[in-house]
Structures are given as structure tokens and as C-alpha cells.
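Chemist: attaching a predicted model along with its sequence, questions to come.
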Amino acid sequence: MSTADSIKLSIPGGSGRMGNMLIREIAAASDLVLHATSDRPESPLIGKDSGELAGIGANGVMINSDPAALVGGDVMVDFTSPAVSLAHAELAMQNNMAMVIGTTGLDASQEARLAEIGTKIPLVYCANTSVGVTLLRALVEQVAAQLVEGWDIEILETHHHHKVDSPSGTALALGKAAAKGRGVALEDVSDIVRDDQAGASRVGARKAGDIGFAVMRGGDVTGEHSVTFFGASERIALTHMATDRVVFAKGAIRAARFAATADTGFYNMEDVLRG
Ligand code: NAD
């Protein structure tokens, strides 16, 4: 594919962990070019060469402090933080760019705004862009639909000690898939760490139908999620372990290729794999 036919990607947070990885993946792909990259204005890395920061040698695309620099790309791929991703989604909409958001920890009102923006531009929003987790979600929904009476669902997630949000966006997405399989709303059945600080009603015997969440943080764990279905005298555990963050970057790049040609819409990773 010639440069003229290439998909131009804009990467906010270009000096972050995922940003670095995306810049490496773009450099390795013949159909993609890095249009622009940015970071928070106060970052000491503003003005540095993004290729050098990503460890692939100079690419001439500097880390910009002004989000306006991102305009002009075909697709913006954003792994930053919730409020920043939302602001970038508004910018993408105003400039008719497609968008992929992998940021986690957005609240319900921020997600609702993204869904609205997805009526104006192609927007893929996914808390876990790995192909394996996308398939795991589908499996969890299917198993939860079959195992209802007498089966307890517990979700355990483990991540590195830098991770800010908890439980992870992926754990919540797995919980939503399990709740969907059972035909209930996750808000009505979620029990996030059975903790006596949350009130006496939260300790004691497990409530039938609840979906429990537990969290571990430590070291450099990329991301592990287990959904266990506990029955009488048997149990099923569905587990995904990511050993390298590159799986998220590769999935996000796949989502960007999808978004570049998709119709306007609010998509998730299942849509990307189907497309
Ligand atoms: P990070 O802190 O290493 O990178 C975030 C980057 O965004 C930083 O460089 C930060 O300076 C930058 N940033 C902050 N404000 C900005 C602004 N106004 N404009 C431009 N850039 C700005 O974090 P990370 O580990 O790369 O993760 C980023 C997000 O992606 C988190 O929410 C994380 O949970 C999520 N994540 C999602 C997946 C997935 O599969 N969807 C995988 C990994 C991480």
C-alpha cells in the first residue's frame, strides 16, 4: 500500500505505556502511518521525538502539547485517562475523524456521552482490546446463561501495582457479560469485594445470584482475569492471562483498521472481530 493509501493514525498519550507500544506497531505496519501524537501540556517529554521515546529510532513525529495537532488523521487511538479521552472524542467528532478508545475507568455518564458521539462518527470503545478477552466475554455470557440455579459466579482480577482503577474495566465487562447471560443488570447483583467497611449487610453468607469481584495488585502483572462458576461438587473456571501488553496494542490497531472504513456507529471489540 502506498503512503497515499495508508491509514493515518493520531495517538494522544504518545509517551505513555500504551502510546509507546502503538507507535511501535504503527511503524511495523505497511498500511499505517503515524499522523501526530500528543501528551499532557506539562509533560517533560513535549517536543521529543516519539519514535526515539518508543525505542524505534527517530521518526520525526514530535510529542505535541496541543490536541489540535491530532486533527487530520483518519483515526484517533486514545489510551489516556477518562476525562481526556472524552475531550478527544469531542474533538474527533467535531473534525469527523474515526476513533478508538481503550481507556478504562469511565463512569456511566461518560460512557453515555461516548455512545452519543458514536451516532456521529465511527467510535470503537473497549476496556480490553485483546482478542482473547473478547472471546472470553462471549464464553462467559454463554456459560452464565446455562448455569443459573445453584451456581455462584466470582471474578478475580490481578494487575501490576501502577493500575489506578479497580476492579479493572475488563473485570466489570466480564461481570456485565455474566449478568447479561443471566438476564439481570450487573448493578443489581454486583458484590465488589465482600467488605465489612461497606456495611454489616455486606458480610456473612454469600447471596444467591450475586456476581462477586475480587482484586489483587502487585508487581508487573500485565493482566489476569478468572471467572469461576461454582456449583455443588464441581466448578468451571475460565481464565485469560496476558503476558505482554502488546496484545492490547495489536487489538487496538485491528480496531483502528476497522474504524477507518466503518459506518458511523458505537462499536465494541466483538464488532471488530466480526468485521
Ligand atoms: P500511561 O499513564 O502510561 O499513559 C497515559 C498517557 O496519557 C500518559 O503519557 C499521560 O501523560 C497521557 N496524557 C494524560 N493527559 C493527557 C492529555 N491531556 N493529552 C494527551 N495525553 C495525555 O497509562 P497506560 O498504561 O498507557 O494506560 C492508559 C489507559 O489505557 C488506562 O486507562 C489503562 O487502564 C488503559 N488500558 C486499556 C487497555 C485495553 O486493552 N483497552 C490495555 C492497557 C491499558
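Modeler: Done, it's in. Numbers count the residues shown, from 1 in each chain.
Chemist: so what secondary structure elements neighbour the helix or strand containing residue 177?
Modeler: If you go by DSSP states H and E, residue 177 is part of helix 169-182. In terms of contacts (3 or more Cβ pairs under 8 Å, 6 or more residues apart in numbering; DSSP states H and E), helix 169-182 is packed against helix 131-146, strand 152-159, helix 186-189, strand 211-217, strand 223-230. Every residue, glycine included, has its C-beta placed from N, CA and C.
Chemist: of those, flag the one that's most buried.
Modeler: strand 152-159 (a mean of 22; mean count of other Cβ atoms under 10 Å).
Chemist: report the angle between it and helix 131-146.
Modeler: 160 degrees (axes from the mean of the first three to the mean of the last three Cα atoms, to 10 degrees).
Chemist: just to revisit the earlier point, could the helices and strands packed on helix 169-182 go into CSV alongside mean pLDDT and distance to the ligand?
Modeler: Below are the helices and strands packed on helix 169-182 laid out as CSV (pLDDT from 0 to 100; distance: least, Cβ to the nearest ligand atom, whole Å):
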stretch, mean pLDDT, distance to the ligand
helix 131-146, 96, 8
strand 152-159, 97, 9
helix 186-189, 94, 19
strand 211-217, 95, 13
strand 223-230, 97, 7
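Chemist: how many other residues sit next to the nearest residue to residue 43 once chain neighbours are set aside?
Modeler: In space, and not counting its chain neighbours, residue 43 is closest to residue 15: 6.4 Å by Cβ to Cβ, 6 or more residues apart in numbering. Number of residues near residue 15 (other Cβ atoms under 10 Å) recorded here: 21.
Chemist: what of residue 109?
Modeler: Quick note: residue 109 (other Cβ under 10 Å) scores 8 neighbours.
Chemist: equivalent analysis for residue 263, please.
Modeler: Count around residue 263 with other Cβ under 10 Å applied: 6.
Chemist: related to what we said a few turns ago, adding distance to residue 21 as columns, could you present the helices and strands packed on helix 169-182 in TSV?
Modeler: Below are the helices and strands packed on helix 169-182 laid out as TSV (distance: least, Cβ to Cβ, whole Å):
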stretch	distance to residue 21
helix 131-146	16
strand 152-159	16
helix 186-189	30
strand 211-217	21
strand 223-230	14
